[in-house]
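Undergrad: structure for the following, please:
(chains A and B)
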Amino acid sequence: MGGLSKKAFTIKELASKQANPGLVIDSGNLLFKADSLPPEGLAKAKITAAGVLKAYQTMGGAFAGIGNRDLAAGASFLRQSHKPPEFAWLSLNLVDSASRKPLFTPWLLREVNGLRLAILALTDHTIQQNTQAKDFSVLPWQEILPQALRQVEGKADLIVLLSNYSFVENKEIARAHGNVDLLFQSGHVAGNMHPIVINQTLIAQTDTRGRYLGLLDIGWNGRGRWSGMVTTIATAGDRPPTTFTGRFIALSPSVANDPQVEAIVQQTKRRLDEGKQ
Amino acid sequence: MNRMYKTSRALLLLAICLAPATIFFWSNRAGAAELRFFYANDNVGELESCG
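TA: Predicted coordinates:
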């Protein structure tokens, strides 16, 4: 079950059915299976990662959060594909060890359906010691996030955070920062999690290994009043709540393959086979 | 009775005429929008996951 070409087919199919095509998001750990790679497996893992990334971009992904596993081949590997505005790796707290300045795009702005979105990302700083490549440092979110939120606050209607931290840590982030509207998490994942509201933040995640596509539809009416139901109890003067509906679409074997992404997958597999010979 | 009927009918017609404008106003008020996110995490280098 799963597969990038099935995911691409599903996204295209759903996007073609409505005027607002939607935003493709990956909140981290897109590329590698582990946060460190054995030297003998590095070349193959890099070929696979390049194929995964090309497929992701082909299905509309223009940015992705950096999870700790994305750093398995070092920050220099990610830098090769970091070409904003076509594609940007995002992390607020992944910094150069000496200058402590961000190595990648810390946040970006997108306008979707008339709404200004600020998209920020955090890499889990507690796991960096497992990574062999040391061409970066990861700072605790408490040192970086408050200032970044102040910077984007006036520029955006809605703030989206891609977080590689655990659910426990993400709940703390949500409680500390009510102006984070949406939080997509990666890492520490155990299955699909129905979107949950903590303080004023809606937190969402899917299962691992591309087995499901998360679909989140939001009727945005302003910050702070999330409702998962269409009908709510309100008084006459109340602003309508911001509603959400979530679905997890199983990428089962019966789902068709997108030909363009399938060609990338097959090409990547051929390159991997050539490497074996 | 006839007058009351006419008033009711006029009010009903007015409500029908105003309904589209009301819906348009509410759906286009500042800061309201429909958003769709296709999201995933922890693909961990899978081209074709199975199981």
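Undergrad: for chain A, what are the nearby residues on chain B?
TA: B:26, B:31-51 (Cβ under 8 Å from any Cβ of the partner chain). (C-beta placed from N, C-alpha, C; glycine too.)
Undergrad: filter the residues you listed down to the buried ones.
TA: B:32-49 (16 or more other Cβ atoms under 10 Å in any protein chain shown).
Undergrad: now do the contacts for residue A:97.
TA: Shown in contact with residue A:97 (Cβ atoms under 8 Å, 6 or more residues apart in numbering or on different chains): A:134, A:135, A:136, A:137.
Undergrad: can you select the buried ones from these in ChimeraX?
TA: Applying 16+ other Cβ under 10 Å to these leaves a buried subset, and the ChimeraX line that selects it is:
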select /A:136,137
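Undergrad: do you have the strands of chain A handy? List them.
TA: A:23-26, A:63-65, A:88-90, A:94-95, A:107-112, A:115-122, A:137-138, A:158-163, A:182-185, A:193-198, A:201-205, A:212-220, A:226-227, A:242-250 (DSSP state E).
Undergrad: with distance to residue A:54 added, can I get the ones you listed in a markdown table?
TA: A markdown table is the format used below for those (distance: least, Cβ to Cβ, whole Å):
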| stretch | distance to residue A:54 |
| --- | --- |
| strand A:23-26 | 14 |
| strand A:63-65 | 13 |
| strand A:88-90 | 15 |
| strand A:94-95 | 22 |
| strand A:107-112 | 21 |
| strand A:115-122 | 21 |
| strand A:137-138 | 26 |
| strand A:158-163 | 20 |
| strand A:182-185 | 22 |
| strand A:193-198 | 28 |
| strand A:201-205 | 24 |
| strand A:212-220 | 18 |
| strand A:226-227 | 36 |
| strand A:242-250 | 22 |
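Undergrad: for residue A:2, which of those is the nearest?
TA: With Cβ to Cβ as the criterion, residue A:2 lies closest to strand A:212-220 of the strands of chain A, at 7.8 Å.
Undergrad: report the angle between the closest one and strand A:158-163.
TA: Angle between the axes of strand A:212-220 and strand A:158-163 is 160 degrees (criterion: axes from the mean of the first three to the mean of the last three Cα atoms, to 10 degrees).
Undergrad: what's near enough to touch residue A:61?
TA: By Cβ under 8 Å, 6+ apart, the neighbours of residue A:61 are A:24, A:25, A:26, A:87.
Undergrad: from residue A:90, how far off is it?
TA: Going from residue A:61 to residue A:90 by Cβ to Cβ, to the nearest Å gives 12 Å.
Undergrad: then residue A:188?
TA: Residue A:188 is 19 Å from residue A:90, by Cβ to Cβ.
Undergrad: do residue A:151 as well
TA: From residue A:151 to residue A:90 the distance is 14 Å (Cβ to Cβ).
Undergrad: any residues of the stretch 101-250 of chain A in contact with chain B? List them.
TA: Residues of the stretch 101-250 of chain A found near chain B (Cβ under 8 Å from any Cβ) are A:112-115, A:157-158, A:182, A:184-187, A:189, A:204-222, A:240.
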